[in-house]
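**Student:** This is the structure alone, sequence omitted:
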């Protein structure tokens, strides 16, 4: 973890892997691609989106355990909002 200047504040930035960096702004999480200071792309995850992502991961893990080797097709139809 590195402390960086971000939008006028000192905040933690962490490299996750595969060119993805996370920055916590005190409310949500920014995902920056390829560089945390000069990203090629940015995505902002509000807490509700983070919760939806966690539900997706839980469902994905559940499908993988049930249907090892099968495509988790039911996840494509699930709304995680």
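**Tutor:** Okay, I see it. All values derive from a computational prediction rather than experimental measurement.

**Student:** so where do the strands sit in this protein?
**Tutor:** For the chain, applying DSSP state E gives strands covering 2-6, 9-17, 20-24, 29-33, 42-45.

**Student:** Pull the distance from the longest one to the chain's centre.
**Tutor:** Translated: strand 9-17. Taking the mean of its C-alpha atoms, strand 9-17 sits 13 Å from the chain's own mean (CA atoms, centre = their mean, to the nearest Å).

**Student:** Is the residue nearest to residue 39 when sequence neighbours are not counted bridged to anything, and to what?
**Tutor:** Distances taken as CB to CB, 6 or more residues apart in numbering put residue 32 closest to residue 39, at 3.6 Å, once the chain neighbours are dropped. C-beta: built from backbone N, CA, C; applies to glycine. Note on residue 32: beta-bridge partners by DSSP bridges are residue 21, residue 42.

**Student:** surely residue 32 meets residue 42?
**Tutor:** Yes - taking contacts as CB atoms under 8 Å, residue 32 lies within contact range of residue 42: 5.5 Å.

**Student:** Please name the nearest non-neighbouring residue to residue 45.
**Tutor:** Nearest to residue 45 is residue 29, by CB to CB, 6+ apart, at 4.7 Å.

**Student:** which residues does the one you found contact?
**Tutor:** Contacts for residue 29 (CB atoms under 8 Å, 6 or more residues apart in numbering) come out as 22, 23, 44, 45, 50.

**Student:** Distance to residue 15 added to those residues, as TSV?
**Tutor:** Shown next, in TSV, are these (distance: CB to CB, whole Å):
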residue	distance to residue 15
22	8
23	11
44	18
45	17
50	19
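
**Student:** what are the phi and psi angles of residue 37?
**Tutor:** Main-chain torsions, residue 37, degrees, to the nearest 10: phi -90, psi -40.

**Student:** quick one: pLDDT of residue 35?
**Tutor:** Looking at residue 35, its pLDDT stands at 88.

**Student:** measure the nearest residue to it once chain neighbours are set aside to residue 56 for me?
**Tutor:** Beyond its immediate neighbours in the sequence, the residue positioned closest to residue 35 (CB to CB, 6+ apart) is residue 21, lying 7.2 Å away. Using CB to CB, to the nearest Å, residue 21 is found at 21 Å from residue 56.
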